[in-house]
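> no sequence on hand, only this structure:
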């Protein structure tokens, strides 16, 4: 049964988190919540994949002509990439389609007095919709 297999996988996943967080049934939101917050995805603008695409583009335009030019360009890019890295919390996720692991970085918005109703993505994140913060 596919449902049973997914439930078993979900329970195993939760068991790995048990040392890091409290896992319980869904609890009701308290009656008097004063603040609300957005929780959304934030992306790193620079990556190795993007670097490879930029090198191909720079070579096609004739800006990078020698291996030395390419190595110098890659070095500058990587230095900038590591300086501007994200310190945000993240989830490390394994893709169901290709098995690759990737990180989904999380950004917490400013606390707000008024809730904003809207839609969430498949991970339960939104740049505009708020959740009660208590």
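Perfect, thanks for sending it. Small disclaimer: the values here were computed from a predicted structure and weren't measured.

> switch to C-alpha atoms for all contacts and neighbour counts from now on
Noted.

> list of residues touching whatever helix or strand residue 78 lives in?
Assessed by DSSP states H and E, residue 78 sits inside helix 67-83. Residues from elsewhere that reach helix 67-83 (C-alpha atoms under 8 Å, 6 or more residues apart in numbering): 46-47, 51, 55, 64.

> please redo it, this time with the cut-off set to 10 Å
For helix 67-83, contacts defined as C-alpha atoms under 10 Å, 6 or more residues apart in numbering pick out 44-48, 51-52, 54-56, 58-59, 63-64, 84.

> next SSE after the strand ranked longest in the chain?
In terms of residue count, the longest strand belonging to the chain (DSSP state E) is strand 101-108. Per DSSP H and E, the first helix or strand lying C-terminal to strand 101-108 is strand 131-133.

> looking at the contacts of helix 67-83, which is nearest residue 33?
The closest of these to residue 33 turns out to be residue 44 (C-alpha to C-alpha; 32.7 Å).

> tell me the contacts of the closest one?
Contacts of residue 44 (C-alpha under 10 Å, 6+ apart): 81, 84-86, 103-105.

> sorry, back to before: pLDDT of the helix holding residue 78, averaged?
If you average the pLDDT over helix 67-83, you get 91.

> repeat that for stretch 35-44.
Mean pLDDT, stretch 35-44: 93.

> in it, what's buried?
When burial is assessed from 16 or more other C-alpha atoms under 10 Å, stretch 35-44 yields the following buried residues: 35-41.

> so how far is that stretch off the chain centroid?
The chain centroid and the centroid of stretch 35-44 are separated by 10 Å, computed with C-alpha atoms, centre = their mean, to the nearest Å.

> what's the answer for stretch 62-81, then?
Distance, centroid of stretch 62-81 to centroid of chain: 28 Å (C-alpha atoms, centre = their mean).

> when you give positions from now on, start the count at 554
Noted, 554 is the first residue going forward, which turns the last one into stretch 615-634.

> got the buried residues for that stretch?
Judged by neighbour count (16+ other C-alpha under 10 Å), stretch 615-634 contains these buried residues: 617, 623, 626-627, 630-631, 634.

> equivalent analysis for stretch 661-673, please.
665, 668.

> contacts for that stretch?
With C-alpha under 10 Å, 6+ apart, stretch 661-673 has contacts from 586-595, 641-642, 678-686.
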